[in-house]
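> Here you go, sequence then predicted model.
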Amino acid sequence: MRRGFLVLIMALAAVTSATAADIVRTPVWMTIYGSATCSGAALFKGDEVRAYTADGLLVGRFATAADTSEKYGFMPIYGDDPQSAAKDGAIGGDLLRIVLYRASEGTERPAQHMTVDPLVWKPATKPQRVDLMF
């Protein structure tokens, strides 16, 4: 019984670390927040607002924790760590692509409207409001 429990715990840890590894949390970031709706309705618990660079690197994620919400954030969008050799975040001037991951459908939907368009990555100490419609 203990061995089966230990195997289950190890499997869950592997899934969690694989999911968490999608984004490299670097010492450089910008933060966005705002309202978000999908087809005019609130987001559901588990939906994620995600930020990608133009080359497809996932650099930010905010998961909705409430049953329904028309707000998201504060979502850090990570920049490239100058101390690492690999590109692990956005670089100055990168255009960001914002999508909604619908957990219930397992699909991503691109933002149809953003109050800041284009959204360009730059390190910032002050959060930026970006309202989204998917």
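Yep, it's here.

> Every contact and neighbour count from this point should use C-alpha atoms.
OK.

> Just the CA trace of stretch 39-49, in CSV.
The C-alpha trace of stretch 39-49 is given here as CSV (Å, rounded to 0.1, in the frame of the first residue of the first chain):
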residue,chain,number,x,y,z
SER,A,39,-17.6,35.7,-26.1
GLY,A,40,-19.0,38.4,-23.7
ALA,A,41,-19.0,36.1,-20.7
ALA,A,42,-16.8,35.7,-17.6
LEU,A,43,-13.9,33.3,-17.5
PHE,A,44,-14.3,30.0,-15.7
LYS,A,45,-12.2,28.5,-12.9
GLY,A,46,-9.1,27.0,-14.4
ASP,A,47,-9.0,29.1,-17.5
GLU,A,48,-5.6,30.7,-18.1
VAL,A,49,-4.6,33.9,-19.7
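
> and that stretch, which residues are buried?
Neighbour counts over stretch 39-49 (16 or more other C-alpha atoms under 10 Å) mark 43, 44, 45, 46, 47, 48, 49 as buried.

> got the contact list for it?
The contact list for stretch 39-49 (C-alpha atoms under 8 Å, 6 or more residues apart in numbering) reads 36-37, 61-70, 72, 98-104, 133-134.

> mind redoing it with 10 Å?
Contact with stretch 39-49 is made by 35-38, 60-73, 75, 98-112, 132-134, as judged by C-alpha atoms under 10 Å, 6 or more residues apart in numbering.

> could you give the mean pLDDT of that stretch?
The pLDDT scores in stretch 39-49 average 95.
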